[in-house]
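[1] just to be clear, the model below is a prediction. Sequence and coordinates:
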Amino acid sequence: KANGIDGLLSEPHPQFALIKQHYPHYYHGRGRRGEPVYYEIPAKINLKELKRNGVDLSSLLRHYALVTDYCWTVLERSQHGPQSQSIYVLDLEGIKLKDFVGDV
């Protein structure tokens, strides 16, 4: 509650489409035991365009909280067993060591 996360899914998110366009990430499919699978492609994030449109680190963190809340509120409501876990896939193709240096 202190961070305003409760009710996040019912709030407007005016930058949602912009972030989805320039930051490839999505849920797709299930693991062998039914876990939701989340994919992220960091090499294809267009930080310049996000920054140019006013998306800062705080906005990205809030978006990540929204996506995570969506998973556990809409896609999978189980609180026990394999479905209460998720699989996180980072596609690192195209990532170079220099990509880990600099401002975000």
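    Good, I have the coordinates.

[2] any idea which element Gly29 lies in?
    Assigned by DSSP states H and E, Gly29 belongs to strand 25-30.

[3] parallel or antiparallel, list what pairs with that strand.
    strand 36-40 (antiparallel) (DSSP bridges).

[4] which helices and strands does the following helix or strand past the strand it pairs with pack with?
    Per DSSP H and E, the first helix or strand lying C-terminal to strand 36-40 is helix 47-52. When contacts are defined as 3 or more C-beta pairs under 8 Å, 6 or more residues apart in numbering; DSSP states H and E, helix 47-52 sits against helix 16-22. All C-beta atoms are positioned from the backbone trio N, CA, C, and that covers glycine.

[5] if we use 10 Å, what do you get?
    helix 16-22, helix 57-70 (3 or more C-beta pairs under 10 Å, 6 or more residues apart in numbering; DSSP states H and E).

[6] what's the first one in contact with?
    For helix 16-22, the surrounding residues in contact (C-beta atoms under 10 Å, 6 or more residues apart in numbering) are 13, 25-26, 44-55, 59-60, 62-64, 66-67.

[7] just how off-centre is that helix within its chain?
    Computed by C-alpha atoms, centre = their mean, to the nearest Å, the chain-centroid distance of helix 16-22 equals 11 Å.

[8] what residues are up against the residue nearest the centre of the chain?
    The centroid of the chain falls nearest to Tyr64 when counting by C-alpha atoms, centre = their mean (4.0 Å). Shown in contact with Tyr64 (C-beta under 10 Å, 6+ apart): 19, 23, 25, 40.
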